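In: let's see this in three dimensions:
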Amino acid sequence: MLANVDALLLARCQFGFTVAFHIVFPAFSIGLASYLAVLEGLWLATGRQVFIDLFHYWIKIFAIAFAMGVVSGLVMSYQFGTNWSVYADKTGPVLGPLMAYEVLSAFFLEAGFLGVMLFGMSKVGPRLHFLATLMVAIGTFFSAFWILSVNSWMQTPQGHAVNAAGQFVPADWWAIIFNPSFPYRLVHMVLAAYLTTALVVGAVGAWHLLRNRTNGGARTMFSMAMWMLAVVAPIQILAGDAHGLNTLEHQPTKVMAMEGHFESHPDGAPLILFGLPDQEAGTVRYAVEVPKLSSLILKHGLNEPLKGLDTVPRENWPPVPVVFWSFRVMVSLGMLMLLLGCLSLLARFKGRLYQWAPLHRFALAMGPAGFVAVVAGWITTEVGRQPFTVYGLLRTAESASPLQAPAVAASLTAFVLVYFAVFGMGILYILHLMAKSPHRDEAGLEPGAPIRTAGITPASSIGSDHALRPAE
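Out: Here you go, the predicted model:
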């Protein structure tokens, strides 16, 4: 049976599976690290017990998610040498240093301060501990910076030359790092991480509010999450639109697949809402469309022409049905996030943010939506790049190692079994921690009032490097 299965397809499935598992953890860690920094900063500024309670509540979850992200990321790196050795050889002179910069500037920063952040609350002063939390948050951003620079160069390569051995070699590092799609991808991904975290925090808060509406910790986390959602969701839509226009300029074939435009439209292209793309026939069957709206969105004019896949050789078409539907999943979830943010503003305006059970159920249901949207966006980006690993320059079929299908199938099977066992248990433990109630702000402490937590208490002004001292 394996003789009839393409080794290249199995290698792509393996990398896709491991990346899909991996990407959800950094997306959560980036947003959660920033949330922890905000919580600790608010505690230092106000002295309110609820903020430090929530800090301790979420830091355990962050530690587990961060660890799973590191482990799942290491596995991906090994695949470059096993399944994609040709790709690693040809792109190594460009991508190798970028990955090294990520380790030096991001991973070392995170690792250096993570221990202080996790275990140093009672060992260092509040300013130093807050600095450690900030450094971890900044480290997660640097990590996203370099990884997205790597991926963006693969999407919009520039600043390189090709040597006699057929390798891509750096000619202009500035152009390589800040390639045309990088700024748009970085903004889009970081905002996606913040939205993902806000949805999780909001879902946990909603869960506990449904059980007890007077829970002070649940109220605070739900309110903060809904503010983030209401502010960031519309910004993300604008950022996504700018990213789409950039993609149209540099990767038009990907946009054609996203839109389902098999045919060119010289007098304005319709926006296909839904349908069944038929790649063989070159059409979208049972299409539900809005006339000329795609031209309005992409070219800002109803009658602006848009080219279709009929202008591209078939061997350069990406798998249109996959890209078409993954893009719609991402956009649909984005619209639901915007709706949740707007409903939270309405509830807040009416003074029912903590009493409106339908809003809480909606927020609870949307908890996993950020992860699904991130994976759908990654599928849109990466599958839409096919059949190239380096867009327009290096084909995927030319990038794979000379392996036999049974060998790749065996490692793929092992990955699936181990990932679901190990990371499944990790996710279940995270859900167990989330099910525990956050501490309530029952003491009614006013800003600046002395508080006790984890055996330490901040000084009255929280202004000294020695403010954290053993509770008497």
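In: from now on I want contacts and neighbour counts done on CA atoms only, so please keep to that.
Out: Will do.
In: I'd like the distance between E280 and W317.
Out: Computed with Cα to Cα, to the nearest Å, the distance linking E280 and W317 is 11 Å.
In: tell me which of these two has more neighbours.
Out: More neighbours surround W317 than the other of E280 and W317, with 19 against 7 (other Cα atoms under 10 Å).
In: contact partners for that one?
Out: By Cα atoms under 8 Å, 6 or more residues apart in numbering, the contact set of W317 is T253, L309, Q386, P387.
In: where in this protein is pLDDT low?
Out: 1-5, 439-472 (pLDDT under 70).
In: top helix in it by residue count?
Out: Using DSSP state H to define each element, the chain has its longest helix at helix 7-46.
In: and Q251, what does it touch?
Out: Q155, T156, R385 are the contacts of Q251 under Cα under 8 Å, 6+ apart.
In: need phi/psi at it.
Out: Phi and psi for Q251, reported as degrees, to the nearest 10, are phi -140, psi 60.
In: what helices or strands is the strand or helix carrying D53 leaning on?
Out: Element membership for D53 (DSSP states H and E) is helix 49-82. Other helices and strands packing on helix 49-82, by 3 or more Cα pairs under 8 Å, 6 or more residues apart in numbering; DSSP states H and E, are helix 7-46, helix 85-102, helix 216-250, helix 405-435.
In: ok, and for the shortest one, which residues are buried?
Out: Neighbour counts over helix 85-102 (16 or more other Cα atoms under 10 Å) mark 85-92, 94-95, 98-99, 101-102 as buried.
In: send me stretch 35-44 as CSV with only the CA atoms.
Out: Output of stretch 35-44 as CSV, limited to C-alpha atoms (Å, rounded to 0.1, in the frame of the first residue of the first chain):
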residue,chain,number,x,y,z
TYR,A,35,-0.5,39.6,29.8
LEU,A,36,1.6,38.5,32.7
ALA,A,37,3.7,41.6,32.4
VAL,A,38,0.6,43.7,32.4
LEU,A,39,-0.8,42.0,35.5
GLU,A,40,2.4,42.4,37.4
GLY,A,41,2.8,46.0,36.3
LEU,A,42,-0.8,46.7,37.5
TRP,A,43,-0.1,45.0,40.8
LEU,A,44,3.0,47.2,41.3
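In: so who does the nearest residue to K292 once chain neighbours are set aside touch?
Out: Spatially, and ignoring its direct neighbours in sequence, K292 is nearest to P270 (4.2 Å; Cα to Cα, 6 or more residues apart in numbering). For P270, the contacting residues are E289, V290, P291, K292, L293, S294, S295, by Cα under 8 Å, 6+ apart.
In: one more pass at 6 Å, please.
Out: Contact partners of P270, counting by Cα atoms under 6 Å, 6 or more residues apart in numbering, are V290, P291, K292, L293, S294.
In: so the first one bridges to which residues?
Out: Bridge pairing for V290 (DSSP bridges) gives the partners L271.
In: look up how far L302 lies from it.
Out: 11 Å.
In: more neighbours, the two?
Out: Per other Cα under 10 Å, whichever of V290 and L302 has more neighbours is L302, with 18 against 12.
In: was I right to think that one contacts L296?
Out: Yes: the pair L302 / L296 is scored as a contact, 4.8 Å apart, by Cα atoms under 6 Å.
In: can you report how many residues lie near the residue nearest to Y87 when sequence neighbours are not counted?
Out: Nearest residue to Y87, sequence neighbours excluded (Cα to Cα, 6+ apart): S399, at 4.4 Å. A count of neighbours around S399, defined by other Cα under 10 Å, yields 22.
In: how near is S399 to K307?
Out: Noted for S399: a distance of 29 Å to K307, by Cα to Cα.
In: where exactly do the strands run in the stretch 301-450 of the chain?
Out: Secondary structure of the stretch 301-450 of the chain (DSSP state E, counting those that start in this stretch): strands located at 388-390, 394-395.
In: just these: most buried one?
Out: strand 388-390 (a mean of 21; mean count of other Cα atoms under 10 Å).
In: packing partners of that strand?
Out: Counting contacts by 3 or more Cα pairs under 6 Å, 6 or more residues apart in numbering; DSSP states H and E, strand 388-390 packs against strand 394-395.
In: switch the cut-off to 7 Å
Out: Here strand 388-390 touches helix 126-155, strand 394-395, going by 3 or more Cα pairs under 7 Å, 6 or more residues apart in numbering; DSSP states H and E.
In: which one of these lies closest to V231?
Out: Closest to V231 of those is helix 126-155 (Cα to Cα; 19.8 Å).
In: okay, the angle between that closest one and helix 85-102?
Out: 150 degrees (axes from the mean of the first three to the mean of the last three Cα atoms, to 10 degrees).
In: for helix 126-155, buried residues please.
Out: Within helix 126-155, the residues scored as buried using 16+ other Cα under 10 Å are 126-155.
In: now do that helix: distance to the chain's middle.
Out: Here helix 126-155 is found 13 Å from its chain centre; the criterion is Cα atoms, centre = their mean, to the nearest Å.
In: other SSEs contacting that helix?
Out: Packed next to helix 126-155, using 3+ Cα pairs under 7 Å, 6+ apart, are helix 7-46, helix 85-102, helix 108-119, helix 182-211, strand 388-390.
In: same list, these, but as CSV with distance to M337 please.
Out: CSV is the format used below for the helices and strands packed on helix 126-155 (distance: least, Cα to Cα, whole Å):
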stretch, distance to M337
helix 7-46, 16
helix 85-102, 31
helix 108-119, 30
helix 182-211, 8
strand 388-390, 32
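In: can you tell me which of the ones you listed is most buried?
Out: By mean count of other Cα under 10 Å, these have helix 182-211 as the most buried, with a mean of 24.
In: other SSEs contacting that one?
Out: helix 7-46, helix 126-155, helix 216-250, helix 357-365, helix 369-385.
In: can I get those helices in a markdown table including distance to M189?
Out: Formatted as a markdown table, the helices and strands packed on helix 182-211 follow (distance: least, Cα to Cα, whole Å):
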| stretch | distance to M189 |
| --- | --- |
| helix 7-46 | 8 |
| helix 126-155 | 8 |
| helix 216-250 | 9 |
| helix 357-365 | 21 |
| helix 369-385 | 8 |
